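Engineer: The sequence and its predicted three-dimensional model are supplied below.
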Amino acid sequence: MPGIRITVADGPDGFDRAAAASIGSAIETSPGAAVVVATGRTPVGAYARLADDLAADAAARLRVFQLDEYLGIPTSDPRSLASWTRRSFVEPLGIDPASVEWFDATADDPDAECRRYELAVAQAGGFDLAVLGLGPNGHVGFNEPPSDPRSRTRVVPLSEASLASNAAYVPGFPVPARALTAGLDLLLAARRVVLVVSGRTKREIVHRALEGPVTPQVPASFLQGHPDLDAVVDADAWGA
Ligand code: PGA
């Protein structure tokens, strides 16, 4: 598999360190990088470590893009994925939240909002780096199965698997049935991708994603063709 490096890290600390090192080196080799960053539990520790390790000026120069958002939930809502991105990545790294390209998931015309986002990514010259988690169903962002590699930034219905896993993030929050997501087309075109995967529950899906058939049924499997992919996987997810 040309272009794919798989790092299997031991323990939560080793995983966070390896993921932070991978993200940090991508940022340091590309000053002012346009970066799209995943929410979810997996990268939180890595982001905290990155905030400790990355020079403040390198962080401040990043052009940060939100990866996905629940349809209808305002950026300012503490339950939004924007708030998660702000708390886990933007604030710890000392990035000005006003400089981040957020999704306006309350826009009257969500499709037009998706076109606006695509334009902003194009104006940045595409993503230099995509930091992605792996959904329990093989999604990246909210590119739910089945997703074609040419899938654009769009409004998507969330799968049962995503509704269930995201419901666990905020107790009592009825996860909206639809979301906006950066398209698989933009994510696959990122010059470097760091995929972070941890936990026993991801074991089957991480092997399907990185070693199984390349198929819209496992959207992350299209990463197998990426020219510069760092997959940082913990030992619980990878197995013996
Ligand atoms: P997680 O989410 O990091 O909370 O497992 C990953 C995802 O669903 O993309």
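Structural biologist: Done, it's in.

Engineer: Could you double-check that A60 sits in contact with L54?
Structural biologist: No. Using CB atoms under 8 Å, A60 is not in contact with L54, being 9.9 Å away. No exception for glycine: its C-beta is placed from N, CA and C like everyone else's.

Engineer: neighbour-wise, which of these two wins?
Structural biologist: L54 (20 against 14; other CB atoms under 10 Å).

Engineer: check contacts around the closest residue to the more buried one other than its chain neighbours.
Structural biologist: Nearest-residue entry for L54: G24, 5.5 Å, with adjacent residues in sequence omitted and distances by CB to CB, 6 or more residues apart in numbering. Contact partners of G24, counting by CB atoms under 8 Å, 6 or more residues apart in numbering, are L50, D53, L54.

Engineer: ok, the first one - how many residues close by?
Structural biologist: So the one you mean is L50. 23.

Engineer: Which of the three states applies to it?
Structural biologist: helix (DSSP: H, G, I helix; E, B strand; the rest coil).

Engineer: residues near the residue nearest to it when sequence neighbours are not counted, how many?
Structural biologist: Nearest non-adjacent residue to L50, counting by CB to CB, 6+ apart: A20, 4.4 Å away. By other CB under 10 Å, 24 other residues sit near A20.

Engineer: following the host helix or strand of A20, which helix or strand comes up?
Structural biologist: Applying DSSP states H and E as the criterion places A20 in helix 11-28. Proceeding N to C from helix 11-28, the next assigned helix or strand is strand 34-37, under DSSP H and E.

Engineer: how about the residues of this structure near the ligand?
Structural biologist: When proximity is defined as CB under 6 Å from any ligand atom, the chain approaches the ligand at G40, R41, T42, G133, L134, G135, S165.

Engineer: Quick one: buried ones out of those?
Structural biologist: G40, T42, G133, L134, G135, S165 (16 or more other CB atoms under 10 Å).

Engineer: same for the lowest-mean-pLDDT helix or strand in the chain, what does it pack against?
Structural biologist: Every helix and strand of the chain was ranked by mean pLDDT, DSSP states H and E. The lowest is helix 56-60, at a mean of 91. Under the contact definition 3 or more CB pairs under 8 Å, 6 or more residues apart in numbering; DSSP states H and E, helix 56-60 sits against helix 11-28.

Engineer: Where does this structure get nearest to the ligand, residue-wise?
Structural biologist: Nearest residue of the chain to the ligand: G40, at 2.6 Å (CB to the nearest ligand atom).

Engineer: Pretty sure that residue sits against L132.
Structural biologist: No. The pair G40 / L132 is not scored as a contact, 9.3 Å apart, by CB under 8 Å.

Engineer: ok, back up a step: dump the residues of the chain next to the ligand into JSON lines; add secondary structure, distance to L184 and pLDDT as well.
Structural biologist: Output for the residues of the chain next to the ligand, formatted as JSON lines (DSSP: H, G, I helix; E, B strand; the rest coil; distance: CB to CB, whole Å; pLDDT from 0 to 100):
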{"residue": "G40", "secondary structure": "coil", "distance to L184": "17", "pLDDT": "96"}
{"residue": "R41", "secondary structure": "coil", "distance to L184": "22", "pLDDT": "97"}
{"residue": "T42", "secondary structure": "coil", "distance to L184": "19", "pLDDT": "98"}
{"residue": "G133", "secondary structure": "strand", "distance to L184": "14", "pLDDT": "98"}
{"residue": "L134", "secondary structure": "coil", "distance to L184": "13", "pLDDT": "98"}
{"residue": "G135", "secondary structure": "coil", "distance to L184": "12", "pLDDT": "97"}
{"residue": "S165", "secondary structure": "helix", "distance to L184": "19", "pLDDT": "93"}
